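Engineer: A predicted structure for the sequence below; I have some questions about it.
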Amino acid sequence: MVLAEDLAKQQRSISVAEFFEKNKHLLGFDSPTRGIITTIKEAVDNALDACEEAEVLPDIFVGIRKVDAEVYRITVEDNGPGIVPENVPLVFGKLLYGSRFHQIRQSRGQQGIGISAAVLYAQLTTGIPARVTSRTGARALAHRFELLIRTETNEPEVVSHEEIDWDRTHGTRIEIQFKSSLAAKKRLVDYLRLTAIVNPHARITADIDGEVTTFERVSNEVPPCPKPILPHPHGIEFGALKRIAAASTGTVEEFLVGSFSRVGKKTADEMIALAKLKPSRKVSKLESEELKRLLDAMQAVKVPAPPAQQCLSPIGEDLICKGLEKEIQLDFIKARTRPSTVYGGHSFIIEAAIGYGGKIAAEGNAQIFRFANRVPLLYQQGACAITNCVSQVNWKSYGLSQQGLPMGPALIMVHVASTNVPFTSESKDAVASIPEIEREVVLVLQELGRELKSYISRRDKRKQQDDRARAICSIIPEIAAKVSEIVELPLVDTSPIEGKIMRKVVAKKRTHDGKVRIDVNNYTAREVAFILYNLSRDAAEDAEPRPDFTDNIDGEYNKVWRCTLSPGSAWQVVYTGAGDGSLDLRGVEDGMKVVVDLDV
């Protein structure tokens, strides 16, 4: 029988670094393939946060190079404010070390685990120290460190430290080597593209084993950096209240007014009266039972929501649309930002967008993009509250087919901005089911669904009108020709009939006896300026009038004419050719034009 003394000899404390070394899957390092994405995600998040705090437009470089059979070097470099030399080992070589954990505001990173966990993962797989270079200003030299983590104590081990010249005036660069693979290269590029969408002020350049991709910024304005706020009385728990009270030197009234958000003297007096305490009592002297009464009173008294405009930084409807349109070709895009609201004393804002058509695949499920505090969520989609909310909406009533999730050429984006995003785990892959958050997500998706339904209805109506107009342009001339042949009379010009029926700008292309003829008729009541594009294998060297511009694209000639037509007038071009290719009329609203290719 094992004695208690023998068991006691085996017991010892473990450091947080030792814990995560054995449980690296909790931080998103559950496989070598995913390790690359998690490392880049953590480094890019830190870079974006640092640049925004310094009010600098982020210019971020991401590099991946294969250095051995299974070893890759990951490099992330930014133009942020840099890190003071004495803090570099702690930031990159100690888990749970950071500046944002005790601040109540929106930020990408918070616990101080992410980038140091990547250093730990590299150390675990290759044993190669992480190399960090940082510079804080033009007058200072850059400092280069090589770091490891002592897992027994969760303290950094500085392998080397030197001052060097660096071409950046300020910024930080980290290089990590670990065993991995590029099997998830597409997902990595998708992560960077999604990051660029929700951070439209950032430029991200990626060099993935020699293949360079740049995601340009669409905004030259740095978003306002969220400011920390005091904790809200409805979001405090007993342990936290007891800790804060013990450190306070003021009275109960001074403590409530000075330590909590949205609590003034009147609200504090109401809480104190409800808790049956004296305002002049020193809060540090309160017994546990008295603190519990005070906590109950704080929860019971109505207090305004935290100042969301101060602690949150939503993307905004206009920038969401610009970010999506830059990376994805869409026929329709709408975005909505909901008013700020609260769960458990934490402010949050839900933003969403819906896109349709363009280059989105028509088959299969709609694309769902999930974000939290401007960070893409790539994994555990099925376990995320956002996905659950998407499936709750009746998309069939908005014009999309649905089998659980909506189907068809649609894109749905949801962004949760909060001072405390409720993730399901430390790897921050999925948002937990919080009723207040789910309600806001469903409401914003229903708003966007109504916008989509209106667009699809307008599109279908316009298509029906265009089909009818094309039929008129095709059939009436044929009927006139047959009638002319039967009655043996000259062919009648049917253009006035077309004009009375359609009242639009009509462009028609027809080929006869080796001659291509394009007619544009303005049947509207106003002057129109248009640009006509004709892409075909015909060079149209004898075109009359001559094109304003011609471009040879792999044996096909893109011919461009610019013209202005007064109401009721017509324009025509004729050239020798086969009449294949396409015709496009631009500069005229879609609802006011009809383009007909009679050769098709």
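Structural biologist: That came through fine. All of these numbers come straight from a predicted model, not from anything done at the bench.

Engineer: pLDDT score for the residue most central in space within the chain?
Structural biologist: Closest to where the C-alpha atoms of the chain average out (CA atoms, centre = their mean) is V198, at 3.0 Å. You'll see V198 listed with a pLDDT of 92.

Engineer: nearest residue to it in space, please, no chain neighbours.
Structural biologist: Of all residues not flanking V198 in the chain, R374 sits nearest, at 4.7 Å (CB to CB, 6 or more residues apart in numbering). All C-beta atoms are positioned from the backbone trio N, CA, C, and that covers glycine.

Engineer: who are the neighbours in contact with that neighbour?
Structural biologist: Listed by CB atoms under 8 Å, 6 or more residues apart in numbering, the contact set of R374 reads L48, R108, T195, V198, N199, I315, H415, A417.

Engineer: and the host helix or strand of K41, how far out from the chain's middle?
Structural biologist: Using DSSP states H and E, K41 maps to helix 32-53. Mean-position distance between helix 32-53 and its chain equals 15 Å (CA atoms, centre = their mean, to the nearest Å).

Engineer: tell me the mean pLDDT over it?
Structural biologist: Mean predicted confidence for helix 32-53 is 85.

Engineer: list the buried residues for it?
Structural biologist: The neighbour-count check on helix 32-53 (16 or more other CB atoms under 10 Å) flags 32, 34-53 as buried.

Engineer: show me what whichever helix or strand comes after that helix is in contact with.
Structural biologist: Note on helix 32-53: by DSSP H and E, the next helix or strand toward the C-terminus is strand 59-66. With contact meaning CB under 8 Å, 6+ apart, strand 59-66 is reached by 36, 40, 43-44, 47-48, 72-79, 182, 188, 192, 202-209.

Engineer: let me see the mean pLDDT of stretch 234-248.
Structural biologist: Averaged across stretch 234-248, the pLDDT comes to 85.

Engineer: tell me which residues are up against that stretch.
Structural biologist: Against stretch 234-248 from outside (CB under 8 Å, 6+ apart): 231, 254-255, 259-260, 283-284, 286, 288, 291-292, 294-295, 298-299, 303, 342, 344-346.

Engineer: out of these, which are buried?
Structural biologist: For those, a burial check counting by 16+ other CB under 10 Å picks out 231, 254-255, 259-260, 283, 286, 291, 294-295, 298, 303, 342, 345-346.

Engineer: identify the farthest-apart pair in these.
Structural biologist: For the buried ones among the contacts of stretch 234-248, the farthest-apart pair by CB to CB is L286 and V342; their separation is 26.8 Å.

Engineer: what about the helices in the stretch 1-150 of the chain?
Structural biologist: For the stretch 1-150 of the chain, the helices defined by DSSP state H, counting those that start in this stretch occupy 4-10, 16-22, 32-53, 88-93, 114-125.

Engineer: reformat these as CSV; add distance to E426.
Structural biologist: CSV is the format used below for the helices of the stretch 1-150 of the chain (distance: least, CB to CB, whole Å):
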stretch, distance to E426
helix 4-10, 28
helix 16-22, 9
helix 32-53, 11
helix 88-93, 18
helix 114-125, 9
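
Engineer: for those helices, which one sits closest to A273?
Structural biologist: Evaluated with CB to CB, the helices of the stretch 1-150 of the chain place helix 32-53 nearest to A273, the distance being 41.3 Å.

Engineer: are there helices or strands packed against that closest one, and which ones?
Structural biologist: strand 59-66, strand 71-78, helix 114-125, strand 171-179, helix 185-198 (3 or more CB pairs under 8 Å, 6 or more residues apart in numbering; DSSP states H and E).

Engineer: any idea how far apart the tips of stretch 311-331 sit?
Structural biologist: By CA to CA, to the nearest Å, the extent of stretch 311-331 from end to end equals 35 Å.

Engineer: find out how far that stretch is from the centre of the chain, if you would.
Structural biologist: That offset, for stretch 311-331, works out to 7 Å (CA atoms, centre = their mean).

Engineer: also stretch 577-586?
Structural biologist: The answer for stretch 577-586 is 38 Å, by CA atoms, centre = their mean.

Engineer: quick one: average confidence on that stretch?
Structural biologist: Stretch 577-586 comes out at a mean pLDDT of 88.

Engineer: if we can go back for a sec, ok and the helix holding K41 relative to strand 171-179, angle-wise?
Structural biologist: Helix 32-53 runs at 170 degrees relative to strand 171-179, counting by axes from the mean of the first three to the mean of the last three CA atoms, to 10 degrees.

Engineer: CA-only coordinates of helix 32-53 in PDB, if you can.
Structural biologist: Extracted C-alpha coordinates of helix 32-53, given in PDB (Å, rounded to 0.1, in the frame of the first residue of the first chain):
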ATOM      1  CA  PRO A  32       1.900  20.800 -37.900                       C
ATOM      2  CA  THR A  33      -0.300  22.000 -40.700                       C
ATOM      3  CA  ARG A  34      -2.400  24.200 -38.500                       C
ATOM      4  CA  GLY A  35       0.700  25.400 -36.600                       C
ATOM      5  CA  ILE A  36       1.700  27.700 -39.500                       C
ATOM      6  CA  ILE A  37      -1.700  29.400 -39.600                       C
ATOM      7  CA  THR A  38      -1.900  29.900 -35.800                       C
ATOM      8  CA  THR A  39       1.600  31.300 -35.700                       C
ATOM      9  CA  ILE A  40       1.000  33.800 -38.500                       C
ATOM     10  CA  LYS A  41      -2.400  34.700 -37.000                       C
ATOM     11  CA  GLU A  42      -0.900  35.500 -33.600                       C
ATOM     12  CA  ALA A  43       2.000  37.500 -35.100                       C
ATOM     13  CA  VAL A  44      -0.300  39.500 -37.500                       C
ATOM     14  CA  ASP A  45      -2.800  40.200 -34.700                       C
ATOM     15  CA  ASN A  46       0.000  41.700 -32.500                       C
ATOM     16  CA  ALA A  47       1.300  43.700 -35.500                       C
ATOM     17  CA  LEU A  48      -2.100  45.200 -36.200                       C
ATOM     18  CA  ASP A  49      -2.800  46.000 -32.600                       C
ATOM     19  CA  ALA A  50       0.600  47.700 -32.200                       C
ATOM     20  CA  CYS A  51       0.200  49.800 -35.400                       C
ATOM     21  CA  GLU A  52      -3.300  51.000 -34.400                       C
ATOM     22  CA  GLU A  53      -2.200  51.900 -30.900                       C
END
